[in-house]
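J.: generate coordinates for the sequence data below:
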Amino acid sequence: RVAAFRQNLYTQCPQCRGSSLYGCGESDAGHYVPAIAHRVWKGNREETGFRIPWAGMAGGNGLTDPEEQYKWYPEMGEDGGQSQGGHAPGVFSEKVVAAMRAGMPKCIEAIHQCNSHSNSGCSNSCNSLVQDPYTLTGRNPYDMRIPCEHGQLCYDFDMITTYLNSDDVQADLGVSGKWGSCNYAVNIDFQIHGDWYHNFHTKIPELLHDGIEVLIYAGDVDYICNWLGNKAWTKLLEWDKKDEYNKA
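T.: Numbering: from 1, shown residues only. Presented below is the predicted three-dimensional model:
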């Protein structure tokens, strides 16, 4: 759908074809940005429609390689990865960390099965293992230094909701309907179908080998898609500059 949208955009806006295009996103976009980037790259290679001037992608605190990233939740909750230079405070007791580490092999195997057998092997048990203990701390999962102050998302989006649902703004945007910051029915549907556990890092090497720029960045106080897991999967990524990258 995104590829079709791009084709329609360049049909309506031919002057846009000369500008470089980058795909960027955070968190769940660790799935979507590599998938979209690879699909656009493939379309360009196969010369289907207009050549989209795709120049690069960027993912911030993204969930891209769950099979590797989930391993790092115990250490992130223990001390924020201080041994590797992290600055987040520790929020878990030794008992909690030990319990998470004990349950992690089963979690990683479940993620592996999910990727091996599509949706048939997916379960949501891993999220209970890594998220429930953190929720009990009362901390903000996106900033371990502060408490969660406003509902499940921890931030107050009321002003944005009021603004985007006002009649004049919707008229200017040419839309109708109610805007919401997060639809939990959709969120749960993604969870029960195993979307969180699918690996998308395998989409990236072909892009790198063809000169597409890739930026992976992470703030070091985000627990949910923490920097330890992001650093780990980028170091394990199989591509022709892997050794050179890791030395750097």
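J.: got the end-to-end distance for stretch 113-131?
T.: The separation between the terminal residues of stretch 113-131, taken as C-alpha to C-alpha, to the nearest Å, is 21 Å.
J.: got the buried residues for it?
T.: By neighbour count with 16 or more other C-beta atoms under 10 Å, stretch 113-131 contains the buried residues 113, 114, 115, 121, 122, 123, 124, 126, 129, 130. The C-beta positions use only the backbone N, C-alpha and C, and glycine is treated the same way.
J.: what of stretch 34-45?
T.: Buried residues in stretch 34-45 (16+ other C-beta under 10 Å): 34, 35, 36, 37, 38, 39, 40, 41, 43, 44.
J.: before we move on, back to that, most widely separated two among the buried residues of stretch 113-131?
T.: The largest separation in those, counting by C-beta to C-beta, is between 121 and 130 at 18.7 Å.
J.: residue 103 sits in which helix or strand?
T.: helix 94-116 (DSSP states H and E).
J.: following the lowest-mean-pLDDT helix or strand in the chain, which helix or strand shows up next?
T.: Ranked by mean pLDDT, DSSP states H and E, the weakest helix or strand in the chain is helix 184-192, scoring a mean of 83. Using DSSP H and E, the helix or strand that directly follows helix 184-192 along the chain is helix 204-209.
J.: on contacts alone, who are the packing partners of the helix or strand following that next one?
T.: As assigned by DSSP H and E, the chain's next helix or strand after helix 204-209 is strand 213-217. Applying 3 or more C-beta pairs under 8 Å, 6 or more residues apart in numbering; DSSP states H and E, we find strand 213-217 packed against strand 54-60, helix 204-209.
J.: state the mean pLDDT of the last one.
T.: When you say that, I think you mean helix 204-209. Taken as a whole, helix 204-209 has an average pLDDT of 97.
J.: related to what we said a few turns ago, for the least confident helix or strand of the chain, buried residues please.
T.: residue 191.
J.: now residue 184: how far from residue 153?
T.: Distance from residue 184 to residue 153, counting by C-beta to C-beta, to the nearest Å: 10 Å.
J.: list the buried residues for the helix or strand harbouring residue 4?
T.: Using DSSP H and E, residue 4 falls within helix 2-12. Counting neighbours by 16+ other C-beta under 10 Å, one finds that the buried residues in helix 2-12 are 6, 7, 10.
J.: let me know the closest of the residues you listed to residue 179.
T.: residue 6 (23.8 Å).
J.: which non-adjacent residue is nearest the closest one?
T.: residue 52 (5.2 Å; C-beta to C-beta, 6 or more residues apart in numbering).
J.: which residues does that neighbour contact?
T.: By C-beta atoms under 8 Å, 6 or more residues apart in numbering, the contact set of residue 52 is 6, 7, 10, 21, 40, 43, 44.
J.: out of the residues you listed, who's nearest residue 225?
T.: For the contacts of residue 52, the nearest to residue 225 is residue 40 (23.3 Å; C-beta to C-beta).
J.: state the pLDDT value of the closest one.
T.: You'll see residue 40 listed with a pLDDT of 93.
J.: mind giving me the packing neighbours of whatever helix or strand it lives in?
T.: If you go by DSSP H and E, residue 40 is part of helix 29-45. Taking 3+ C-beta pairs under 8 Å, 6+ apart as contact, the helices and strands that helix 29-45 lies on are helix 2-12, strand 21-26, strand 54-60, helix 204-209.
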